[in-house]
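A.B. asks: just to be clear, the model below is a prediction. Sequence and coordinates:
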Protein chains: 4
Amino acid sequence: MSEHKLEQQWTPELLEFHEELQSKNMGPLWASVFSSSQPTPRAIPYLWKKQLILDMLEKAKNLLQVGTGSIDRRAVYLVNPGMKYLQPHGWGGATQTLYAAVQALNPGEIAPPHRHMTSALRFIMEGKGASGVVNGVKYNFEPGDYVITPEWCWHDHINEGDETVLWMDCLDIPFTSALTSSFFEMYPASQQPIDFPEDYGTKRYAGGMVRPISDRKPSPAPLGRYTWDLTKQAIDGQSQFEPDPYDGFAVEYINPSTGKDANGRIGARMQGLPVGFKGKAHRHTHSSVYVVHKGKGYTVINGERFDWEAGDFFVVPVWAVHEHVNTSETEEAFLFSTNDLPIMELFGFEREEAYSENEGYQVIEK
Amino acid sequence: MSEHKLEQQWTPELLEFHEELQSKNMGPLWASVFSSSQPTPRAIPYLWKKQLILDMLEKAKNLLQVGTGSIDRRAVYLVNPGMKYLQPHGWGGATQTLYAAVQALNPGEIAPPHRHMTSALRFIMEGKGASGVVNGVKYNFEPGDYVITPEWCWHDHINEGDETVLWMDCLDIPFTSALTSSFFEMYPASQQPIDFPEDYGTKRYAGGMVRPISDRKPSPAPLGRYTWDLTKQAIDGQSQFEPDPYDGFAVEYINPSTGKDANGRIGARMQGLPVGFKGKAHRHTHSSVYVVHKGKGYTVINGERFDWEAGDFFVVPVWAVHEHVNTSETEEAFLFSTNDLPIMELFGFEREEAYSENEGYQVIEK
Amino acid sequence: MSEHKLEQQWTPELLEFHEELQSKNMGPLWASVFSSSQPTPRAIPYLWKKQLILDMLEKAKNLLQVGTGSIDRRAVYLVNPGMKYLQPHGWGGATQTLYAAVQALNPGEIAPPHRHMTSALRFIMEGKGASGVVNGVKYNFEPGDYVITPEWCWHDHINEGDETVLWMDCLDIPFTSALTSSFFEMYPASQQPIDFPEDYGTKRYAGGMVRPISDRKPSPAPLGRYTWDLTKQAIDGQSQFEPDPYDGFAVEYINPSTGKDANGRIGARMQGLPVGFKGKAHRHTHSSVYVVHKGKGYTVINGERFDWEAGDFFVVPVWAVHEHVNTSETEEAFLFSTNDLPIMELFGFEREEAYSENEGYQVIEK
Amino acid sequence: MSEHKLEQQWTPELLEFHEELQSKNMGPLWASVFSSSQPTPRAIPYLWKKQLILDMLEKAKNLLQVGTGSIDRRAVYLVNPGMKYLQPHGWGGATQTLYAAVQALNPGEIAPPHRHMTSALRFIMEGKGASGVVNGVKYNFEPGDYVITPEWCWHDHINEGDETVLWMDCLDIPFTSALTSSFFEMYPASQQPIDFPEDYGTKRYAGGMVRPISDRKPSPAPLGRYTWDLTKQAIDGQSQFEPDPYDGFAVEYINPSTGKDANGRIGARMQGLPVGFKGKAHRHTHSSVYVVHKGKGYTVINGERFDWEAGDFFVVPVWAVHEHVNTSETEEAFLFSTNDLPIMELFGFEREEAYSENEGYQVIEK
Ligand SMILES: [Fe+2]
Ligand SMILES: [Fe+2]
Ligand SMILES: [Fe+2]
Ligand SMILES: [Fe+2]
Ligand SMILES: [Fe+2]
Ligand SMILES: [Fe+2]
Ligand SMILES: [Fe+2]
Ligand SMILES: [Fe+2]
């Protein structure tokens, strides 16, 4: 609130008093900065190039085995430079609520089962032959698929193919780190039993906005894997009309038993930016982590231009002004992203604002 | 409660007293029958043959024009024999909550716009070239489509083709008749303006369990028309697994912004009965109206066998034991049905019970 | 919809066709009256005098015993003259959804336990010494108390005092009669065991808008009896301010674990009309049954004046214009009422409209 | 997850690789500690003595004026020693989600109006004559009252009496600091206009579990001030029965229009510990900040004994085992506390566990 305290003098006595308070595990509200008129994110806009991530994973492949008795998961995660002071490891924050990583699973490896109260999701980037087992259902991974692991579901990953498979992991680790109330449990065997037919949920939701009658009662993951084919078909359906001025042809994945986000606390979207798309700028309270699924272009965030192509990751922090542009003359671009909109909405924090200056487009400053 | 009043004598004095009460607009609780241990539906199991309905519509076609200044809708509705005493018109009841009719629209006719608090839906039976406009969106009708008109949405129908188009209408007229609190309004013109591209909702929901991001906020009809193609694809996806013992491969239509029934107070399902399907018997509190979309078979309801083929209608009343059988050796049967499950659930009335005698199959008594 | 079908001639052929349809258990939509622009209640405004009800109960006392082996309940219920054609017994309708009765329990009598899916509530009118047991908690009855028996709770009543105790019973029998899906069960003994201290819920909610921490999870009846003392105190608190123009100082009873109506499907209110109160007229979709707790005055309903005093009952049907007046020069009047607002709201049927003519007051026509 | 990675060697190459990752704003999941089997709070059990806080406020009174142009609020807040590394100011954390402070307002001072997305509440500790204005309603403060300021409500405080008034402030500043998405706004004048009668909400909720009919629609603060008298009366009602084994006679403040916590994201309770009360130990995911309203006793938290008397503050962190004891032989003790249970529940994080060793009581280690 300091911006409003105009006439108070920070006298030596007062400064001494502030130190006394601190020594007694107390603090002076009048000298604090808890209230700013607008959000003040710690996370900054940032982009990680695909090649950098691949290089790191290549090293990790050589240095580490995955499996029971070895490491659980071979994944490198993204640390937002603005959050590094949060010990340990910047709380794994790509944004203030979202952890994002790229995981590589080599042929023959098994990432053993566990479960946790942090919510997890995967977006498959490259490679075939891997799959994940979530609460007894095996879901095959293909590029472009979105696969969910809601809180406290058992999950393990297997690569039965002959190439390395890469995917994005997103969890709400920074959020659960802030709440310090999460649980984690290892499964008592090196793999879960598979209790259902392969891709059970996915096949039962093979078409239409309809639901097997047995799934009427809300459950966390009636449909575990959202295939790229169907998502693409949905975006193609939209693209007969005008794109959203900010986000192009964008869909969000839903839980068919609730109509809410597929993965509870973490929202996820796929957006298609058609050839020639030059999005307008806006900002909102929720933050996002993007991975480029296909195509190339750039995003301007708080006046800084970030060029991207397939496999790159970037973050749009809380309240950062941003606009997306497809620079290809021939190809639609597809951006997958995750967000903390469900958290913001549950607590009434969500606000959105169009950028009104300069006809709605930012001036690029770097 | 009379079943429990064993020792009370119905003396002449008492009977006289009962009459006195009646004359004073009162009644004796002890001599009433408000509480029975189990539901006592007035509606009875019943089947209407397609040909009968067609014959009636043929007459109606010759006798009546549809349009502004003429009649609003050319539809004949089904009156459950058990409900006829409810004046007027058995409250339009096929069951105690559901009205069902078949509507015929000739080439060139326009059924003018109106809206009402009763909820309405259509299932397209035969013919091409017709469409409905719901709150400014034109939805084309093709056989097998499910089209919704939630409460208080403006709607009109047009036949721009060259053949008569037939569809089932289902509304909750008996329910709103019981509540006596419904409103109805004519549109101040003979047609609504069309404010959106054709089949707007349907095209925006062309694939996957995903939703345009602009439809995140709950709304009554983000998707107005559920096409047969996608519904069929969904049922085909299920049919790789074991069918539900009672209902085969069954889906229910959902509102993607809520995960609830597409049409609010009226549930709707499509169920595929594979070749050789002989369903087990059960009963439940909700009632249903069926129209046979394809195939042939029979349904046993409370011990009575009702044979059906495409275009036939039949009803399963509250708490009636029923089982479905596909008698074709070559073709899957498809049953479309509507139900009052949303009403039963909202008030905690829904119960279900498997039929346990005779290994789960009823003895056919007629 | 007939009001809109101007040019269609009701020819002899057509009338014959209508009869043919009827004979085949079908009906002509174009000749039906399912849609009226405004609600058309069957129930009419009506008032039952206390003395009439007492006289009837007096006869019933002489003619009938209450108890196991005798009758279950000695209650005379109110039948709305407009609903008599509904067989049997006008569906027990005081309005289209609400049953209302007065029950008399003599010293020493026990009304044996049962439960039902119809929801029940009581308003204690006269006498001391009786109590009700609801799911193992004994609640003492005192005049002015509101006591609930939500659906499927076991309940029995006992009179351990030395005077006859009278109370209003209100259930949603007409509503469950329309749905035909209700269950009823007798308790396998002549009394329930009492598992909790007397007036357990009431004592645990002895003050403030606070809740025992163990009642955080929603439950149907954390508080079973709402005493007159506390309700009166609440109304007195309000009466330091301006009364509501239609209803005076009015409160509704709530379930502290949900903030919704205390009794689920049936709303209940107590309203204080101060000396000199002359309420304005309005109408709304929900219907109400009133019992006068104290005082005297009149209510104008659809232009007809109904004078009332303590113990009288009257009904305000769906969409009926009504206004309340206290005619005493010295005493506040108190009206207890029940309503179907929860049902209307759940389905989006509720509408309200101020009466705008004649400065907001009706002309009394009878 | 490190606890499970038994065989992986932390070789020099690997350690070097970890540093490389860090330099590139990335991290090695396999060497992180994001998943522990149980919650690992940063906040520690801690107690602040009333006298210490009073001493600090005394200094603050001499050094600072409150008012427009001076400081906004004279409050010293509690900083949990375990959270100090969070810059700035330990995010104002008494626990990981809750900020707690004591505010002093001298006669004649006005703490000017503002509003914020952080949720706020007050518990009045000492002194009379002060009041708070929340969205145009003036609420008088008396010791033992609980007063709410839900998010984004304008609020200011005034002392029109002749003594200093002290109260506890509790906000969810650490939580909103973690989310970095909060807004704050100063009111454009030095005081809000008062639009309603004094203590409007409180007087309208003067008794019973009933609600003015105009408050049926959910709103954030229908009742702004929960008086000590009514809360005491509620606890006295409970105390006719067995106390809760952990918490004695405990109530939580509710919003009458929702049945949820009075203050949305922050729960609040008052608990009475009768003479002789020796609570059993348990732990739960939610954290709490306590202020002793009356009496004396101690609380054992994770084996450490904290003795308290009126005016002392202490915190029970996430998952800390704790038990409360009243040591007075004559007086009931009253503990007011705030908690983050609403946040934990909304996300499914809440778990509770009874302490099972040593017959349910901890061994005091310090
Ligand atoms: Fe995991
Ligand atoms: Fe955006
Ligand atoms: Fe219609
Ligand atoms: Fe069925
Ligand atoms: Fe009963
Ligand atoms: Fe009214
Ligand atoms: Fe504030
Ligand atoms: Fe506790």
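C.D. replies: The structure has been received and is ready for your questions. Residues are numbered from 1 along each chain as shown, chains lettered A, B, ... in the order given. Ligands and ions are numbered 1, 2, ... in the order given.
A.B. asks: for the rest of this, base every contact and every neighbour count on C-alpha atoms.
C.D. replies: OK.
A.B. asks: surely residue A:235 touches residue A:252?
C.D. replies: No - at 10.5 Å, residue A:235 and residue A:252 do not qualify as touching, with contact defined as Cα atoms under 8 Å.
A.B. asks: which SSE is residue A:47 in?
C.D. replies: Using DSSP states H and E, the element containing residue A:47 is strand A:46-48.
A.B. asks: need the three-state assignment for residue A:44.
C.D. replies: Per DSSP: H, G, I helix; E, B strand; the rest coil, the secondary structure class of residue A:44 is coil.
A.B. asks: so who does the nearest residue to it once chain neighbours are set aside touch?
C.D. replies: Counting by Cα to Cα, 6 or more residues apart in numbering or on different chains, residue A:44 lies nearest to residue A:82, which is 5.6 Å off, once chain neighbours are set aside. When contacts are counted by Cα atoms under 8 Å, 6 or more residues apart in numbering or on different chains, residue A:82 is found next to A:42-44.
A.B. asks: swap in residue A:180?
C.D. replies: Listed by Cα under 8 Å, 6+ apart, the contact set of residue A:180 reads D:39-42, D:96, D:318.
A.B. asks: taking the residues you listed together, which two end up most distant?
C.D. replies: When the contacts of residue A:180 are compared pair by pair using Cα to Cα, the two farthest from each other are D:39 and D:96, 12.0 Å apart.
A.B. asks: quick one, helices of the stretch 51-200 of chain A?
C.D. replies: Ranges of helices in the stretch 51-200 of chain A, per DSSP state H, counting those that start in this stretch, are A:173-179, A:200-204.
A.B. asks: deepest of those, which one?
C.D. replies: Compared across these, helix A:173-179 shows the largest average neighbour count, a mean of 24 (mean count of other Cα atoms under 10 Å in any protein chain shown).
A.B. asks: can I get the CA coordinates of that helix in PDB?
C.D. replies: What follows is helix A:173-179 as a C-alpha-only set of coordinates in PDB (Å, rounded to 0.1, in the frame of the first residue of the first chain):
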ATOM      1  CA  ILE A 173       3.600 -28.200  -8.700                       C
ATOM      2  CA  PRO A 174       4.200 -24.500  -7.900                       C
ATOM      3  CA  PHE A 175       0.700 -24.200  -6.700                       C
ATOM      4  CA  THR A 176       0.900 -27.300  -4.500                       C
ATOM      5  CA  SER A 177       4.300 -26.100  -3.400                       C
ATOM      6  CA  ALA A 178       2.700 -22.900  -2.200                       C
ATOM      7  CA  LEU A 179       0.000 -24.800  -0.400                       C
END
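A.B. asks: what's next to that helix, contact-wise?
C.D. replies: Outside helix A:173-179, the residues that reach it (Cα under 8 Å, 6+ apart) are A:91-93, A:95-99, A:118, A:182, D:34, D:96-97, D:175, D:178-179.
A.B. asks: residue C:8 is nearest to which of the helices of the stretch 51-200 of chain A?
C.D. replies: Nearest of these to residue C:8, taken as Cα to Cα: helix A:200-204 at 50.1 Å.
A.B. asks: for the residue in the stretch 51-200 of chain A that chain B sits nearest to, give me its contacts.
C.D. replies: With Cα to the nearest Cα, the shortest gap between the stretch 51-200 of chain A and chain B falls at residue A:197, namely 7.9 Å. Going by Cα under 8 Å, 6+ apart, residue A:197 touches A:137-138, B:241.
A.B. asks: could the residues you listed go into JSON lines alongside pLDDT, distance to chain C and neighbour count?
C.D. replies: Conversion of the contacts of residue A:197 to JSON lines gives the following (pLDDT from 0 to 100; distance: Cα to the nearest Cα, whole Å; neighbours: other Cα atoms under 10 Å in any protein chain shown):
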{"residue": "A:137", "pLDDT": "96", "distance to chain C": "32", "neighbour count": "20"}
{"residue": "A:138", "pLDDT": "97", "distance to chain C": "36", "neighbour count": "26"}
{"residue": "B:241", "pLDDT": "95", "distance to chain C": "33", "neighbour count": "14"}
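A.B. asks: for residue A:281, give me its contacts.
C.D. replies: A:246, A:321-324, A:354-355, A:360-362.
A.B. asks: oh, that last question was meant for residue A:307, not what I typed.
C.D. replies: Residue A:307 neighbours (Cα under 8 Å, 6+ apart): A:296-299.
A.B. asks: out of the residues you listed, which comes closest to residue C:147?
C.D. replies: Proximity to residue C:147 was ranked across these by Cα to Cα; first place goes to residue A:299, at 63.2 Å.
A.B. asks: what's the average pLDDT for the host helix or strand of that closest one?
C.D. replies: Secondary structure assignment for residue A:299, by DSSP H and E: strand A:296-301. Predicted confidence along strand A:296-301 averages 98 (mean pLDDT).
A.B. asks: flag every buried residue along that strand.
C.D. replies: Of all the residues in strand A:296-301, those buried under the rule 16 or more other Cα atoms under 10 Å in any protein chain shown are A:296-301.
A.B. asks: packing partners for it?
C.D. replies: With contacts taken as 3 or more Cα pairs under 8 Å, 6 or more residues apart in numbering or on different chains; DSSP states H and E, strand A:296-301 sits against strand A:304-309, strand A:322-326.
A.B. asks: CA atoms of that strand as PDB?
C.D. replies: Backbone C-alpha positions of strand A:296-301 (Å, rounded to 0.1, in the frame of the first residue of the first chain) are rendered in PDB as follows:
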ATOM      1  CA  LYS A 296       5.900 -21.100 -37.000                       C
ATOM      2  CA  GLY A 297       5.300 -17.500 -35.900                       C
ATOM      3  CA  TYR A 298       5.800 -15.300 -33.000                       C
ATOM      4  CA  THR A 299       4.200 -14.000 -29.900                       C
ATOM      5  CA  VAL A 300       4.600 -10.500 -28.500                       C
ATOM      6  CA  ILE A 301       4.500 -10.500 -24.700                       C
END
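A.B. asks: parallel or antiparallel, list what pairs with that strand.
C.D. replies: For strand A:296-301, the paired strands and their directions (DSSP bridges) read strand A:304-309 (antiparallel), strand A:322-326 (antiparallel).
A.B. asks: what does that strand contact?
C.D. replies: A:45, A:305-310, A:316, A:320-328, A:333, A:362, A:364.
A.B. asks: could you rerun that using 7 Å?
C.D. replies: In this structure, residues lying in contact with strand A:296-301 by Cα atoms under 7 Å, 6 or more residues apart in numbering or on different chains are A:45, A:305-310, A:316, A:320-328, A:333.
A.B. asks: same question for stretch A:215-223.
C.D. replies: Outside stretch A:215-223, the residues touching it (Cα under 7 Å, 6+ apart) are A:150, A:201-202, A:205, A:255, A:257-258.
A.B. asks: what's the end-to-end length of stretch A:38-57?
C.D. replies: 38 Å (Cα to Cα, to the nearest Å).
A.B. asks: which secondary structure elements does the strand holding residue A:47 contact?
C.D. replies: In terms of contact count using 3 or more Cα pairs under 7 Å, 6 or more residues apart in numbering or on different chains; DSSP states H and E, strand A:46-48 is assigned the packing partners strand A:313-316.
A.B. asks: now for the strand it packs on, which elements pack on it?
C.D. replies: Judged by 3+ Cα pairs under 7 Å, 6+ apart, the packing partners of strand A:313-316 are strand A:46-48, strand A:288-294.
A.B. asks: quick one, which of these is packed in tightest?
C.D. replies: When neighbours are counted by mean count of other Cα under 10 Å, the highest per-stretch mean among the helices and strands packed on strand A:313-316 falls to strand A:288-294, a mean of 24.
A.B. asks: tell me what it is packed against?
C.D. replies: In this structure, strand A:288-294 packs against strand A:313-316, strand A:333-339, with contacts taken as 3+ Cα pairs under 7 Å, 6+ apart.
A.B. asks: columns mean pLDDT, mean neighbour count and distance to residue C:109 on top of the ones you listed, output as a markdown table?
C.D. replies: Compiled in a markdown table, the helices and strands packed on strand A:288-294 are given as follows (pLDDT from 0 to 100; neighbours: other Cα atoms under 10 Å in any protein chain shown; distance: least, Cα to Cα, whole Å):
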| stretch | mean pLDDT | mean neighbour count | distance to residue C:109 |
| --- | --- | --- | --- |
| strand A:313-316 | 98 | 26 | 73 |
| strand A:333-339 | 98 | 24 | 65 |
